[in-house]
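Asker: model this:
(one chain, ligands or ions: 1)
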Amino acid sequence: MNFNLQHSIKACQGEFIGNSTDFLVEHISIDSRSMQNGTNTLFFALKGQNHDAHHYIEELISKGVRYFVVEFIPENCQGKANFILVKNTTKALQETAKYYRSLFQFPVIGITGSNGKTIVKEWLNFLLSPDYTTVRSPKSFNSQVGVPLSIFGINENHNLGIFEAGISQKNEMQALAEIIQPKIGVFTNLGSAHDEGFANWEEKIAEKSALFQSCEVVVLEKNEAIETGILCSKITWSLEDKNATIFAEIKSQKEGFSQIQIHYQNETFTIEIPFLDTISIKNSLSCLGVLLYLNMEIATIQERMKNLYPIEIRLQAKKGINNCVLIDDSYSSDYQSLKMALDFLEQQKNHSKKTIILSDIFQSGLPVATLYQKVAVILQNNKIDRIITIGETISQHLKELPNVISFPNATDFLQQFNTQSFQNEAILIKGARSFNFDEIVVLLEEKKHETVLEINLDAISHNLNFYKSKVNPTTKIMVMVKAFGYGNGGFEIAKLLEHHKVDYLGVAFADEGIELRKAGITTPIMVLNPENSSFHAMIAYDLEPEIYSITGLQAFLKLAKERNISHYPIHIKLDTGMHRLGFEPHLMDELKGLLKNNPFVRVKSIFSHLAASDDTSFDTFTKNQIARFDAMYSDLVSSINYQPIRHILNTSGIFNYPEYQMEMVRLGIGLYGIGNSEQELQVLENVSTLKSVISQIRTVLPEESIGYSRKFMVTKKMQVATIPIGYADGIRRAWGNQKGFVVINNQKAAILGNICMDMLMVDVTQINCKPGDEVIIFGYSPKVTEIATTIGTIPYEVLTGISQRVKRIFYKN
Ligand SMILES: *Cc1c(COP(=O)(O)O)cnc(C)c1O
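Answerer: Numbers count the residues shown, from 1 in each chain. Reported below is the predicted structural model:
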């Protein structure tokens, strides 16, 4: 991609403030963390509800970026770079994309619908790429920002575009339609009615159909209500209605394949796809409609559809062998997605060493030499330590780089592969499907334990932003990442929070803080429970103690004096009613005496903890705690002669008592998607999903029993599935004996009998399932809060109780 800056200025009607508009834009970025940002970058400083990329401009300038599209020029940046000043940077990004799209005339397929967009897009790409040089949205880039970014992937050699558009509110599609300008539309399906952004079903149809204004044809499932709103010609398909353009009948399903008889115009033929479920069959029919419209030969369609494959929609960071982190992107290899995967690698790595295993790259639309030149440049920019190329072409073109090891194919690599050569590094595995990189992933992945806790990093960002919106922009935020991020993962979450520029992290013990420092976290860290024996280490790792007793303070002062340290940051905890840790009122004089004119420490903050912020029936008590805090604070400050910051609110405090936010708040459980009230839960996004798989299914007859102590007696013939997760993984026994359930294929399956140490059994009599199917232990349903209520505990305990033997997987949407 490249275009002259003047075009962008004109497209977004911006005001230029800087030295020279004579600039060739070769890279568009919205992500301050990307190592691809450089002198050829045009950076759009987007503003989200609570996220503002203007904060990163200064840092980006120091990294060499010189051109920015902004809504205002931050202080300190004036005169240091070139700025295009606009009203709204997201709009400006869209207008620039619209301009860029207008430079290309080839046909574009535009896909929308409630589900299946990404799968249909990836499948169409697979089905059409032997005949076209395609460009498509990477992953599920289909939003107001994702669509413009996808468009910048086009270059002059592409001759077919496949882009998806997703909306969540009224009036969003128009902008996307103008950018994509599709000739062929695909409406995947309309899904259930729960989308909150739309008043009703009709509104949702009308809004989504707005994508198709420029279309010659739209492919969709036969449906009168939707069809009437679409004015161009239509190719409809149906599994029931013979009047559809394409009438499909499922003839048989065996050995993993479905045979589907197709009636289209005057022809009848059979296609075979390697899926049994209705959703996949429907998605394949959407694809079929497009292929028939493009006049693909029936024989070719049959051949290619047989090879359709499951799509891994998102990038995942997995635990690898020998303490490695794996980024598994083993299904695609185009230049756009390589750039994205490198950014993800940069965000996920907790090792300084980076390795990439990369196959030949297809569908770039660029001449081979140019392509690999570009690839070499981004690999260098990303400071990849070791590059393992697999494939004849890439090996040929990258052989000049100093740090390349080449193999002609994956089999050769696997034969020569030595597990010991991968240690403490972040490894990106990126290859076209035909290279079978999944086998490499299997080998490099840490021993397969079939139970995983998946953590949605985007949901964490969302929840952080929600609580930020509850307090003033100037109020500082400390996020509690104690107990391994409430059981979710320490380093990975801390790294994300550091990016969001939270002011403090809070941990329970010094060890937790040391782990974070070793992994490269530089945000200030407060330790809630420092033991005197850990003070040495805390100073070495720049950790700030909570001081809650006279003896603790004396010990710390003694050490600081011995080591000749001055003004070491400490935090003073006051007990105002929780009666756990902290100075009580009668100790204030002694405390004041020790702190007065003390050169060894500096009190960074004074704080207290509310005992009942989640329960407004204790409102008087809570306000009383706050009043005591105010009094004790004033007393202390009068003798130390400076004003440390104050904080008292935890998650429920932020929600129920934002007026007492003072200078900082301490966010905990809310970040992880759990609120203490129903209203709070509704605005939070689910972060953690605990998943397992079915190990085995058996038929059990009446008068038999299930599990230890014969707690469940069978009364009629039933199907019972065994799941490899038990109380040693943190699933409490109280959740067994039909009090609890798991979810399999969207249906509830009651837990039968006692939960065992490593397994539990569930009733799947009414559920269509097989061994290997996914089982949700908690997530959207059942929710952690629901489990907690049923077994008489609090969600904190359920979440932090998940054993460390359960593998954590972090992902972004
Ligand atoms: C854990 C903790 C918090 C956070 O509490 P949540 O209820 O999870 O928000 C805040 N302050 C202190 C002192 C804590 O120990």
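Asker: Please identify the helix or strand for the closest residue to residue 76 other than its chain neighbours.
Answerer: Distances taken as C-beta to C-beta, 6 or more residues apart in numbering put residue 58 closest to residue 76, at 5.7 Å, once the chain neighbours are dropped. C-beta coordinates here come from the backbone N, C-alpha and C atoms, glycine included. For residue 58, the host element (DSSP states H and E) is helix 57-62.
Asker: average pLDDT across that helix?
Answerer: Averaged over helix 57-62, pLDDT sits at 95.
Asker: now do stretch 369-387
Answerer: Computed over stretch 369-387, the average pLDDT equals 93.
Asker: What of stretch 580-600?
Answerer: Mean per-residue pLDDT for stretch 580-600: 96.
Asker: got the buried residues for it?
Answerer: The neighbour-count check on stretch 580-600 (16 or more other C-beta atoms under 10 Å) flags 581, 582, 583, 587, 588, 591, 595, 598, 600 as buried.
Asker: Tell me if I'm right that the first one and residue 548 touch.
Answerer: Yes. Applying C-beta atoms under 8 Å as the test, residue 581 and residue 548 come out as touching, 4.1 Å apart.
Asker: Leaving out the residues flanking it, which one is nearest to the residue in the stretch 51-200 of the chain positioned nearest to the ligand?
Answerer: Per C-beta to the nearest ligand atom, residue 51 is where the stretch 51-200 of the chain lies closest to the ligand, at 21.2 Å. Nearest-residue entry for residue 51: residue 465, 6.4 Å, with adjacent residues in sequence omitted and distances by C-beta to C-beta, 6+ apart.
Asker: Let me know the secondary structure of that neighbour.
Answerer: With DSSP: H, G, I helix; E, B strand; the rest coil as the basis, residue 465 sits in helix.
Asker: Is my assumption valid that residue 573 occupies a position in a helix?
Answerer: No. Under three-state DSSP, residue 573 sits outside any helix and is assigned strand.
Asker: joint contacts of residue 581 and residue 548?
Answerer: Shared contacts of residue 581 and residue 548, defined by C-beta atoms under 8 Å, 6 or more residues apart in numbering, comprise 573, 575.
Asker: neighbours around residue 310, how many?
Answerer: 11 (other C-beta atoms under 10 Å).
Asker: per-residue pLDDT, it?
Answerer: At residue 310, the model reports a pLDDT of 82.
Asker: Quick check: which element contains it?
Answerer: Using DSSP H and E, residue 310 sits in no helix or strand.
Asker: how close does it get to residue 749?
Answerer: Distance, residue 310 to residue 749, using C-beta to C-beta, to the nearest Å: 23 Å.
Asker: Need the three-state assignment for residue 127.
Answerer: helix.
Asker: Give me the nearest residue to it, chain neighbours excluded.
Answerer: Computed as C-beta to C-beta, 6+ apart, the closest residue to residue 127 that is not its neighbour in sequence is residue 304, at 5.0 Å.
Asker: measure the one you found to residue 263 for me?
Answerer: To residue 263, residue 304 is 20 Å away according to C-beta to C-beta.
Asker: domain parsing for this protein?
Answerer: Here the chain is described, according to automatic domain parsing, as comprising the domains 3-90, 104-305, 320-447, 455-682, 688-812.
Asker: Could you pick out the residues of the stretch 551-700 of the chain near the ligand for me?
Answerer: Residues of the stretch 551-700 of the chain lying close to the ligand by C-beta under 6 Å from any ligand atom are 609, 650, 651, 666, 667, 668, 669, 670.
Asker: The second one: what's it in contact with?
Answerer: Just to be clear, that refers to residue 650. Applying C-beta under 8 Å, 6+ apart, we find residue 650 in contact with 480, 609, 610, 613, 665, 666, 667, 668.
Asker: Check this structure for the residue nearest the ligand and tell me.
Answerer: residue 668 (2.1 Å).
Asker: Now that that residue has come up, it's in contact with residue 488, right?
Answerer: No. The criterion here is C-beta under 8 Å, and residue 668 misses it with residue 488 at 11.8 Å.
Asker: higher neighbour count, the two?
Answerer: Ranked by neighbour count (other C-beta under 10 Å), residue 668 and residue 488 place residue 488 first, with 26 against 21.
Asker: Which element, helix or strand, includes the residue lying closest to that one once chain neighbours are set aside?
Answerer: Leaving aside its chain neighbours, residue 488 sits nearest to residue 455 (5.1 Å; criterion: C-beta to C-beta, 6+ apart). Secondary structure from DSSP H and E places residue 455 in strand 452-456.
Asker: Which parts of the stretch 601-750 of the chain are strands?
Answerer: 601-607, 645-647, 664-667, 688-693, 696-700, 705-706, 712-713, 718-723, 741-744, 747-752 (DSSP state E, counting those that start in this stretch).
Asker: what would the ones you listed look like in JSON lines with distance to residue 731?
Answerer: Output for those, formatted as JSON lines (distance: least, C-beta to C-beta, whole Å):
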{"stretch": "strand 601-607", "distance to residue 731": "35"}
{"stretch": "strand 645-647", "distance to residue 731": "35"}
{"stretch": "strand 664-667", "distance to residue 731": "27"}
{"stretch": "strand 688-693", "distance to residue 731": "8"}
{"stretch": "strand 696-700", "distance to residue 731": "18"}
{"stretch": "strand 705-706", "distance to residue 731": "16"}
{"stretch": "strand 712-713", "distance to residue 731": "16"}
{"stretch": "strand 718-723", "distance to residue 731": "9"}
{"stretch": "strand 741-744", "distance to residue 731": "9"}
{"stretch": "strand 747-752", "distance to residue 731": "9"}
